[in-house]
Structures are given as structure tokens and as C-alpha cells.
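A.B. asks: Could you look at this predicted model? Sequence included:
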Amino acid sequence: QVQLVESGGGSVQAGGSLRLSCAVSGNINSRYCMGWFRQAPGKEREGVATIVSGGRRLYADAVKGRFTISKDGAKNTLYLQMNSLKPEDTAMYYCAADYCSNWPASRYWGQGTQVTVSS
């Protein structure tokens, strides 16, 4: 079983920055993918950034060059550094983890943290 708890969301003006954190506990191994998704009101959930097994990082086109995903193994924490935020980044952000063979249909999700960007 894997537990994930997000934090770090909030309200910020366009052009600002936020860093999301996801505390991970449970049985994670090197075959896991870990990542961030978001869902805006009235829209489908979309992938934002993923760290695949082996450490390669993947980003959605909408956030490339602005967002950075990273993880701290010692702290068992996943991060999403978000810079140059835009109003269209407003959404509930979720972290997820599962075997990469299941990705993106992850079995394990956090409860979400709200990010609101005002113009």
C-alpha cells in the first residue's frame, strides 16, 4: 500500500511561482513511476509531469520550460516547482505513484492541493 499527501498549493498572481510537495509512504521501488496530474473545473484530468523508472522526466507541452518535477529519496518526497504561472494553470493538483506498467492509470493518489492563478 502507498500513501501520498500533497501540500504547497495556494493562490498566486500570474507570473508567480509555487512549489508543490508530495510526501510518499509505503512500498515504492525502482519500477515505480511518480508524477503530477491536474484537473480544472469542467475539464478532464491531465498529466503534468512524470518521473519514470530510471529517472527520466516527462512533461506536458503546456508546462515545458516552466515546471520542474523532482524527488528527494531521503525524504521520500516528490516535488513540482511551478514558475511563470498562468491563469490556465489553475486546477486541483494531484500526485500519483504506481508501477510504470500501470501508468498513467495509477492506483495510488493523493487528496489533491488547489492551485489558483489570478491575472
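C.D. replies: Looks like it arrived, so ask away. Numbering: from 1, shown residues only.
A.B. asks: buried stuff in stretch 105-119?
C.D. replies: By 16 or more other CB atoms under 10 Å, the buried positions in stretch 105-119 come out as 106, 108-110, 112-113, 115, 117. Where you see a C-beta, it was placed from the backbone N, CA and C, and this is true even at glycine.
A.B. asks: Adding distance to Gly42, write these out as CSV.
C.D. replies: Below are the buried residues of stretch 105-119 laid out as CSV (distance: CB to CB, whole Å):
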residue, distance to Gly42
Ser106, 22
Tyr108, 26
Trp109, 20
Gly110, 22
Gly112, 16
Thr113, 19
Val115, 16
Val117, 17
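A.B. asks: For Gly15, see how far away the most centrally placed residue in the chain is.
C.D. replies: By CA atoms, centre = their mean, the mean C-alpha position of the chain lies nearest to Trp36, the distance being 2.1 Å. Taking CB to CB, to the nearest Å as the measure, Trp36 falls 20 Å from Gly15.
A.B. asks: which residues sit against stretch 102-117?
C.D. replies: Stretch 102-117 is contacted from outside by 2-14, 16, 18, 20, 22, 26, 33, 35, 37-38, 47, 50, 52, 82, 85-98, using CB atoms under 8 Å, 6 or more residues apart in numbering.
A.B. asks: The nearest residue to Tyr79 once chain neighbours are set aside: what's it in contact with?
C.D. replies: Spatial nearest neighbour of Tyr79, excluding adjacent residues (CB to CB, 6 or more residues apart in numbering): Ser70 at 4.9 Å. Residues near Ser70 by CB under 8 Å, 6+ apart: 51, 78-79, 81.
A.B. asks: Could you rank those residues by neighbour count and give me the top one?
C.D. replies: Counting neighbours by other CB atoms under 10 Å, the top entry in the contacts of Ser70 is Leu78, with 26 neighbours.
A.B. asks: List the contacts of Arg19.
C.D. replies: Going by CB under 8 Å, 6+ apart, Arg19 touches 8, 79-82.
A.B. asks: Please consider this matter closed, and thank you.
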